[in-house]
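Student: Here's my sequence, what's the structure:
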Amino acid sequence: DLQDNSISGPVPSEVGNCIEIASMYLQQNSLTGSIPSSLGMLTQLETLYLHENRLNSTIPLELGALALVRFSVRDNEISGSVPVELGGWSDSIEWLYLQGNRIVGDLDPIFCGGGGLDDAIDFEAFESDCLGNAGSSG
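Tutor: Okay, the predicted model is just below:
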């Protein structure tokens, strides 16, 4: 658990070598740069908390290979659209926090086409017809 430790700089890509890790708590630090695509190699990873940092890239499509249960990048500087590859999370995701970023696009085709996040415990992102308004829980 490395949350709230004043860690600064980029998340090293070598973190993808920690293949046995199930939870990664890096929230509330001063992390910058991109989310490493190498995180997609962490096949045991269920929880990825990167919120309240200064990450300023897009969400890597490689994360779609994971069966994440909890994912938070809220309150960063993430931009772009949510990769369609993350639609596979609809079977596993329980907590999904995307708000407080510059994410654009429509989440409905990604998460709402085949059952979507109707069973998600908690979801916060932005305006989405099937998922509800920003800040809502479902």
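Student: OK, contacts around the nearest residue in space to Val84 that is not next to it in sequence?
Tutor: Closest residue to Val84 apart from its sequence neighbours, by Cβ to Cβ, 6 or more residues apart in numbering: Ile110 at 5.4 Å. C-beta here means a position set from N, CA and C on the backbone, and glycine is covered the same way. Going by Cβ atoms under 8 Å, 6 or more residues apart in numbering, Ile110 touches Val82, Val84, Leu86, Gly87.
Student: can I get these in CSV with pLDDT, distance to Ser13 and secondary structure?
Tutor: As requested, the contacts of Ile110 are exported to CSV (pLDDT from 0 to 100; distance: Cβ to Cβ, whole Å; DSSP: H, G, I helix; E, B strand; the rest coil):
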residue, pLDDT, distance to Ser13, secondary structure
Val82, 89, 22, coil
Val84, 89, 23, helix
Leu86, 90, 20, helix
Gly87, 86, 25, helix
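Student: Phi first, then psi, for Gly88.
Tutor: phi -70, psi -20 (degrees, to the nearest 10).
Student: where do the strands sit along the protein?
Tutor: Residue ranges of the strands in the chain, as given by DSSP state E, are 8-10, 23-25, 30-33, 47-49, 54-55, 70-72, 79-81, 95-97, 102-104, 122-124.
Student: This completes my enquiry, with thanks.
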